[in-house]
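Asks: Need coordinates for the following:
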Amino acid sequence: MKRYFFIVIVAVAVLLNGCKGGKTENGSGFPQNFNAMPDTARVAYVMKSTTPDSVARFICRAALGQLKDARIDSLGIATNYAYDRYSGADADLFGGEYDNFVASLPLADKMRMYAMAGVEDPQGLGLQLGLEYMQSIREKNMSVLEVEEELKAFRSACGKDEETYKRFIVGFRTVLEADSGRDMPKEIYDRFRNIE
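Replies: Just a heads-up that it's a prediction; the model follows:
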């Protein structure tokens, strides 16, 4: 009986130890000093253990502060590091997932990503977001209420930067007028064509 009890205890200990997976002492799967590393070392660490599309999601989520135990301080440095090391199909997979991830973000987070990446000059950022927004509404099949909520969050994210918000409205209204009577839901057009 004692021997049976001892075997059960050992088996439970082995199972519990095996269930830890690849987690480190901090429980995240990243080394203890992960956030003390430079961005390039963080990206290199993730590149060693996962696919290019996962690396793209990691960089985006870490840059946005969505990961508890990992951060990216410079989006440009992190993405350039990955692009420099991937080639062929891996580079295509990384770039495609990066673009898809950013395109799927809520408006406020997309603005943050564009600003961090420096893809638009500050004057053109709001206009670019406004021109692209109708595509997001279509792809996500958004309702009027969902658009109102996202616009409210975007305005809040703009803070004191009224110019970016105003330029966004100009771009959004331009697309609304251009797409009127086509495949845009009528309630979206009716509600937002005169947005201020």
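Asks: Would you state the helices of the protein in chain order?
Replies: According to DSSP state H, the chain carries its helices in the segments 2-18, 39-49, 52-63, 75-85, 88-104, 107-117, 122-140, 144-158, 162-179, 186-192.
Asks: and of these, who's closest to residue 31?
Replies: helix 39-49 (7.2 Å; CB to CB). All C-beta atoms are positioned from the backbone trio N, CA, C, and that covers glycine.
Asks: export the helices of the chain to CSV and tack on distance to residue 31, mean pLDDT and mean neighbour count?
Replies: Shown next, in CSV, are the helices of the chain (distance: least, CB to CB, whole Å; pLDDT from 0 to 100; neighbours: other CB atoms under 10 Å):
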stretch, distance to residue 31, mean pLDDT, mean neighbour count
helix 2-18, 19, 38, 9
helix 39-49, 7, 94, 17
helix 52-63, 15, 96, 21
helix 75-85, 17, 95, 18
helix 88-104, 23, 94, 15
helix 107-117, 24, 88, 19
helix 122-140, 36, 86, 18
helix 144-158, 33, 92, 15
helix 162-179, 38, 89, 17
helix 186-192, 47, 87, 14
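Asks: Redo those helices as TSV? Include distance to residue 33.
Replies: TSV is the format used below for the helices of the chain (distance: least, CB to CB, whole Å):
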stretch	distance to residue 33
helix 2-18	23
helix 39-49	10
helix 52-63	16
helix 75-85	18
helix 88-104	26
helix 107-117	24
helix 122-140	35
helix 144-158	32
helix 162-179	37
helix 186-192	48
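Asks: among these, which is nearest residue 30?
Replies: Of the helices of the chain, nearest to residue 30 by CB to CB is helix 39-49, at 7.3 Å.
Asks: relative orientation of the closest one and helix 88-104 in degrees?
Replies: Going by axes from the mean of the first three to the mean of the last three CA atoms, to 10 degrees, helix 39-49 is angled at 110 degrees with respect to helix 88-104.
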